[in-house]
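**Student:** okay, predicted coordinates and the sequence, questions at the end:
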Amino acid sequence: MKHVASVAGRELRGLFVSPVAYVVLALFSVAAGIFFFASTALFSEWVMRLTSYQAFDELARWNLNDQLIGQFYSSMSVILMLATPALTMGLLASEKTNGTEELLLTSPLTIWEIVLGKFVAVAFFTAALVTIIGLFPALLFVYGDPELGKTLSGLLGLLLISWTYVSIGLFASSLTRSLVIAFLLTFVFLIVMLILPALGQLGGASGSAELLTWISADTHLTQLVGGLIDTADLAYFAVMIGSFLVLTKASVESARWR
Amino acid sequence: MIEARGLSKRYGDIVAVDDVSFAVGRGEVVGFLGPNGAGKTTIMRMLTGFLPPTDGSAKIAGHDIFEEPLAARRSVGYLPETPPLYPEMTVSAYVAYVARIKDVPRARRRAAVDRALERCGLGEVRGRVIGTLSKGFRQRVGLAQAIVHDPAVLILDEPTVGLDPLQIREIRGLIAELASPEQGDAQHTVILSTHILPEVEAICRRVILIHQGRKAIDAPLEELTRGGHSLDEVFARETTRDVAEASPAAAGNAPDAVMGSGEGPA
C-alpha cells in the first residue's frame, strides 16, 4: 500500500495544475456564500414574522441548528453532488485516453493501490470543500450560540456523503474511456439516488419504499445533520464507499482480461 | 533474462498470438520484426504484464509473470507504442513519479532521475511541461521513463516511429549503449519491435520474425543474411509464403505494403 500516496499525490497535483480544481473551488465558495446568505436571511425573516404573529410556542422550538445550519447543509450536499462528476470523471478514463494506463498496469503497483490512490486524492479535495462549508456556520458562533456537536456531526455527514459520491464517480470513470460518459453516468446515478425515497413513496408497497429510502444517501445525511450519530448510518456510508471501491477494482481488473 | 513458453492470446475466435516461445539472454538485443498487425505489440504487452496471456506463460529475470507479477514488472522497462505521458506534468516530475511507482529506493531516486534524463538528452528540457514538447522529445521522455529504474529487461515498442533521421540515430545509439554500456552501468536485455528493416540491421544481433501471430523465424542476423541475402528478401519471402497459404488474394499486396515501410530512413 506504499504506492497509494504516490498515486494520490500525482492526481492531486494534476487537479491543481489544470484549471479544474480552481474553478470548482471558486464556484463552490460562491455557491456556499449565496446559500448561506439565503438561509440566514430566510431564518431572520421567519423569526420576525413569528414574533409579529406572537407565535411564541412555535418560536421556542426554533434554533440555529435545525432551521438554519441544517438547511444550509442540505443545500450544500446538492452542490457537492453537482461538483463530484467534474472531479471524478477523469480519474481512470483519462489514464485510458492518455495511454498511461499501460504505465500503471506494467508497474509494480497492485490494482488496489491505483484505485485507493485515486480515491484518496479526490477525497482530500472534497474534504477541503467540506471545510469551506464549515467556515460559514463558524461565523454563527460569533453572533449566536448554535450547538457545536450538531454543527460538527452535520459536517461529518457531508464529508461521508461526498466520499460516497466520489466512490461512485470513480467507478463510473473505470467503466469508460470517455470523460463525457463518465460524467453523465455519475451525474445520473447520483440524481437517481437522491430521488429514490420520492420514487418509493409513489410505489405504495411499504417494504420497497423503506429499502429505497435506506439506499438513498440523503436519508443518512439527514440523521447526521440532525445531530444523531448512529452506527447504522456510519455503517451505511462505509458499505457504500467500500462496495464501489471493490466494484472499481473489479472493473479495472476485468478490463485486462477482455 | 526473458523466457516465453507457449504464449497465446485469443479474443473470442480471433487468434492474435499463437503458441510463441523464445528465450533471450542477458545483454542481447533482439528485434521483433513483422508486418503491422502480426502480433508484436500483443506479445510485448503479455511480457510486460499489461495483458494476461490466454495460454502459456513467461519469466522475466527469473520471475514468472503469473506467480510473481510485481517482481516481474519491477524488472521490466516498457515503452509502449504511444509513450505513456501525463501532458500536464513537467519532464522531471514525471520521471520522478515513475521512479517512485517502479520502487526505486528513496535514497537513490534523485540520482536515478538525473541519470535517466542525462542519458536520454533531456537535461535542458527537464523543467518543461510535457504537453509543450515536440514528438522527438516526448519519445525520449518515454524512453527515460522506461530506463529510470535500471531494469534488467527493456521492451520497446517501435521506439523510433515518427522521428526524424537525426533523432532516430540518437535513439538507436542510446539503445546500443544500454545493451552494452561502456562502464559502471548494468547491462540491459533489449527487445524492440519495428517494421523498419534497416533499424534491425543497425542495432539487433538477433531477429524474431512474427507473422500472423506465430514465430516464423528466430535466428542471428548474420545467419539470415549469409549467402548475400538481404533482410528485405528474407522478410518478403517469409511474410508472403504464409499469406499465400492463408488467402491467395492478399499475397500480391502484402509484401509491397511491407516493403514500403521498410524504406524508412536509415
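**Tutor:** Looks like it arrived, so ask away.
**Student:** every contact and neighbour count from this point should use C-alpha atoms.
**Tutor:** Will do.
**Student:** what's the closest non-adjacent residue to A:T51?
**Tutor:** Among residues not flanking A:T51 along the chain, A:L59 sits closest, at 7.4 Å (Cα to Cα, 6 or more residues apart in numbering or on different chains).
**Student:** meant to ask about A:D145
**Tutor:** Counting by Cα to Cα, 6+ apart, the nearest residue to A:D145 once its immediate chain neighbours are dropped is A:L64, at 7.8 Å.
**Student:** and the helices in chain A?
**Tutor:** Counting by DSSP state H, chain A forms helices over residues A:4-17, A:20-52, A:56-61, A:64, A:70-88, A:90-98, A:101-105, A:111-143, A:148-175, A:179-203, A:206-215, A:217-225, A:231-257, given from the N-terminal end onward.
**Student:** make a markdown table from those helices and add mean neighbour count, mean pLDDT and distance to B:L197 to it.
**Tutor:** Shown next, in a markdown table, are the helices of chain A (neighbours: other Cα atoms under 10 Å in any protein chain shown; pLDDT from 0 to 100; distance: least, Cα to Cα, whole Å):
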| stretch | mean neighbour count | mean pLDDT | distance to B:L197 |
| --- | --- | --- | --- |
| helix A:4-17 | 18 | 93 | 39 |
| helix A:20-52 | 15 | 92 | 46 |
| helix A:56-61 | 11 | 83 | 86 |
| helix A:64 | 19 | 87 | 78 |
| helix A:70-88 | 21 | 93 | 45 |
| helix A:90-98 | 21 | 93 | 29 |
| helix A:101-105 | 21 | 94 | 27 |
| helix A:111-143 | 19 | 94 | 38 |
| helix A:148-175 | 25 | 95 | 39 |
| helix A:179-203 | 17 | 89 | 39 |
| helix A:206-215 | 15 | 80 | 61 |
| helix A:217-225 | 22 | 90 | 61 |
| helix A:231-257 | 16 | 92 | 32 |
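**Student:** residue numbers of chain B in contact with chain A?
**Tutor:** Contact residues (Cα under 8 Å from any Cα of the partner chain) of chain B with chain A: B:11, B:48-52, B:69-71, B:73-74, B:78, B:80, B:82-86, B:88-89, B:97, B:100-103.
**Student:** quick one, which of those are buried?
**Tutor:** Neighbour counting with 16 or more other Cα atoms under 10 Å in any protein chain shown marks B:48-52, B:69-71, B:73-74, B:78, B:80, B:82-86, B:88-89, B:97, B:100-103 as buried within these.
**Student:** mind checking the helices of chain A for the one nearest to B:G31?
**Tutor:** Between B:G31 and the helices of chain A, the tightest spacing by Cα to Cα is seen for helix A:101-105, at 21.3 Å.
**Student:** residues in contact with that closest one?
**Tutor:** By Cα atoms under 8 Å, 6 or more residues apart in numbering or on different chains, the residues outside helix A:101-105 that reach it are A:E95, A:I111, A:I114, B:G49, B:F50, B:Y78, B:P80, B:P84.
**Student:** for chain A, what lies in contact range of chain B?
**Tutor:** Residues of chain A lying near chain B (Cα under 8 Å from any Cα): A:3, A:6-7, A:10, A:14, A:17-18, A:98-103, A:105-110, A:256-258.
**Student:** before we move on, back to that, any idea how far the residue nearest to A:D145 is from chain B?
**Tutor:** Spatial separation of A:L64 from chain B under the definition Cα to the nearest Cα, to the nearest Å is 45 Å.
**Student:** relative to B:V30, which of the helices of chain A is closest?
**Tutor:** Proximity of the helices of chain A to B:V30 was assessed by Cα to Cα; the nearest stretch is helix A:101-105, lying at 22.0 Å.
**Student:** any idea how far the closest one is from the middle of the chain?
**Tutor:** Helix A:101-105 has its average C-alpha position 29 Å from the chain's average C-alpha position, going by Cα atoms, centre = their mean, to the nearest Å.
**Student:** over to stretch B:68-75?
**Tutor:** In terms of Cα atoms, centre = their mean, the gap separating the centre of stretch B:68-75 from the centre of its chain is 18 Å.
**Student:** same check on stretch A:209-218?
**Tutor:** Counting by Cα atoms, centre = their mean, stretch A:209-218 is centred 16 Å from the centre of its parent chain.
**Student:** cool, thanks, talk later.
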